[in-house]
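# Sequence and predicted model, in that order:
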Amino acid sequence: MKIKRIIVGGLLALTVIVAVSFLVVWHYWSHSPFEISETTYVYVRPDDTEDDILQQLRESAHANTLTGWKLARMAMDFKPHTGRYAIEPGDGILNVLRRMRSGQQTPVRLTIPSLRGMDRLAGLLSNKLMLDSAEVIWYFTDSTFAARYGYSAATLPALFIPNTYEVYWDVTFEHLMERMTKENARFWGDANREAKAKALEMTHEEVITLASIVDEETANNAEKPRVAGLYLNRLHQGIPLQADPTVKFAMGDASLRRILNKHLTTDNPYNTYVHRGLPPGPIRIPTVAGIDAVLNAERHNYLYMCAKEDFSGTHNFAATYAEHLINARRYQRALNERGIK
């Protein structure tokens with residue numbers, strides 16, 4: 001009996017030693033920090049396997065050994081949520097695993113810039129978020145989808161207000177659109193923009209459409225209210241806008257440096273030399289400065305403008321066609337001298 005007690009006692013002691021050793025090892029490996037000096041990120045997609053996640057940890061967090069991950073996996077039922085997860089210097093594997101299991105992801109700072117073309121926006125969104133660019137482009141061109149938010153496919157660019165927003169990387173496109181709708185409403189509620197648009201007797205979409213033309217005409221923010229005032233004068237007097245950027249948009253070539261008569265006669269609804277009034281929708285997502293320039297347009301009697309002959313990006317303005325011809329000749333002469341065709 002004495003020998004039996006000794007054997008049982010030895011086995012118990014051995015069991016305790018093994019258990020304690022395991023706990024020590026488990027605690028060490030599961031809490032040992034990743035060898036990184038700055039924040040890095042791991043992205044979990046719906047079809048990612050555990051091996052896919054481990055590979056990212058090896059590549060992004062320089063985790064040469066993942067013993068801690070394997071030990072930590074033994075202690076919990078690991079079903080990771082999709083998302084973007086930050087790994088901070090000093091983070092241990094167990095902390096990261098817990099965040100993935102509970103979906104505690106880190107938001108993305110998504111910057112919507114002023115840009116030309118909804119295809120470029122689709123590319124930006126797919127680059128920053130868990131979205132497919134081809135699917136996004138399809139949504140952007142689908143009138144039924146745009147109508148859900150009160151837009152047409154042509155006016156949909158007016159929904160997006162340039163700014164930086166915090167969103168989750170795995171946000172669905174529908175939820176992103178809902179967020180953009182709220183941000184759009186917030187934008188129009190600030191700085192009396194709604195009241196100013198009503199004073200101009202223009203809808204939000206019309207303001208943004210005109211702002212997109214103003215932005216294409218000049219990158220000089222100080223000049224934008226004057227350009228906006230000129231186009232408003234033309235709209236109020238029923239004069240075609242004759243905005244060269246709309247011709248470039250109609251031609252599908254924003255790089256055109258010299259607008260020729262053959263371009264001006266292009267029969268396209270966006271060509272404001274052929275069609276009076278505003279085009280069907282924005283020719284780009286305009287800047288906030290461009291939108292506010294329309295809402296706070298300068299009051300004057302200018303009806304014409306021409307790029308300055310010094311190629312500074314600003315314009316000479318004129319109230320009469322005769323004055324405009326003088327400005328235009330100076331600019332044409334400068335183009336010829338530089339050999340620009």
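Alright, I've got the coordinates.
# Stretch 152-171: end-to-end distance?
This stretch, stretch 152-171, spans 23 Å end to end (Cα to Cα, to the nearest Å).
# To clarify, my last question referred to stretch 149-156.
9 Å.
# Show me what counts as buried in it.
Going by neighbour count (16 or more other Cβ atoms under 10 Å), the buried part of stretch 149-156 is 151, 153-156. Where C-beta positions appear, they are placed from N, C-alpha and C, glycine not excepted.
# Contacts for that stretch next, please.
118, 140-143, 146, 158-159, 177, 181, 205, 209, 280-282 (Cβ atoms under 8 Å, 6 or more residues apart in numbering).
# hmm, back to that, tell me which of the buried residues of stretch 149-156 is nearest to residue 93?
Using Cβ to Cβ, residue 156 comes nearest to residue 93 of these, at 44.2 Å.
# Among the contacts of stretch 149-156, which ones are in helices?
118, 140-141, 143, 146, 177, 181, 205, 209 (DSSP state H).
# residue ranges with poor pLDDT in the stretch 51-200 of the chain?
Applying pLDDT under 70 to the stretch 51-200 of the chain flags the ranges 61-78.
# Helices of that one, residue ranges please.
All helices of the stretch 51-200 of the chain, identified by DSSP state H, counting those that start in this stretch, fall at 67-74, 93-102, 118-128, 133-141, 143-147, 173-189, 193-199.
# among those helices, which is nearest residue 263?
helix 118-128 (22.4 Å).
# ok, and for the closest one, which residues are buried?
Buried, per 16+ other Cβ under 10 Å, within helix 118-128: 118, 121-122, 124-126, 128.
# Adding distance to residue 46, write those residues out as CSV.
Listed next are these as CSV, based on distance: Cβ to Cβ, whole Å:
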residue, distance to residue 46
118, 26
121, 24
122, 20
124, 22
125, 18
126, 15
128, 18
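# which one of those residues is nearest residue 201?
Using Cβ to Cβ, the buried residues of helix 118-128 come closest to residue 201 at residue 118, 27.5 Å.
# so that closest one makes contact with residue 137?
Yes: at 7.1 Å, residue 118 counts as touching residue 137 under the criterion of Cβ atoms under 8 Å.
# what bits of the stretch 201-341 of the chain have low per-residue confidence?
341.
# where do the helices sit along it?
Going by DSSP H, counting those that start in this stretch, the stretch 201-341 of the chain shows helices at 204-217, 224-237, 244-251, 261-264, 288-295, 321-337.
# The fifth one to helix 173-189, inter-axis angle?
Read that as helix 288-295. 50 degrees (axes from the mean of the first three to the mean of the last three Cα atoms, to 10 degrees).
# can you check the second one too?
In this structure, helix 224-237 runs at an angle of 90 degrees to helix 173-189, with the same axes, to 10 degrees as the basis.
# Quick check: can you list the domain ranges of the chain?
23-102, 108-189, 193-300 (automatic domain parsing).
# What's the end-to-end length of the longest one?
It refers to domain 193-300. End to end - Cα to Cα - domain 193-300 spans 21 Å.
# likewise the second one?
For domain 108-189, the first and last residues are 25 Å from each other (Cα to Cα).
# Return the residues in contact with the closest residue to residue 228 other than its chain neighbours.
Of all residues not flanking residue 228 in the chain, residue 297 sits nearest, at 4.0 Å (Cβ to Cβ, 6 or more residues apart in numbering). Listed by Cβ under 8 Å, 6+ apart, the contact partners of residue 297 are 200, 225, 228-229, 232.
# And residue 274, by the same measure?
240, 264-268.
# separation between it and residue 163?
The spacing between residue 274 and residue 163, counted by Cβ to Cβ, to the nearest Å, is 35 Å.
# Which one of the buried residues of stretch 149-156 is nearest to residue 80?
residue 156 (34.4 Å).
# quick one on the thing from earlier: nearest to residue 94, out of the buried residues of helix 118-128: which one, please.
Among the buried residues of helix 118-128, residue 128 lies closest to residue 94 (Cβ to Cβ), at 29.1 Å.
# Give me the nearest residue to residue 141, chain neighbours excluded.
Residue 141 sits nearest to residue 153 (Cβ to Cβ, 6+ apart), 5.4 Å away.
# cool, and residue 217?
In space, residue 217 is closest to residue 227, 5.2 Å off (Cβ to Cβ, 6+ apart).
# got it, and residue 56?
Leaving aside its sequence neighbours, residue 56 sits nearest to residue 42 (Cβ to Cβ, 6+ apart; 4.8 Å).
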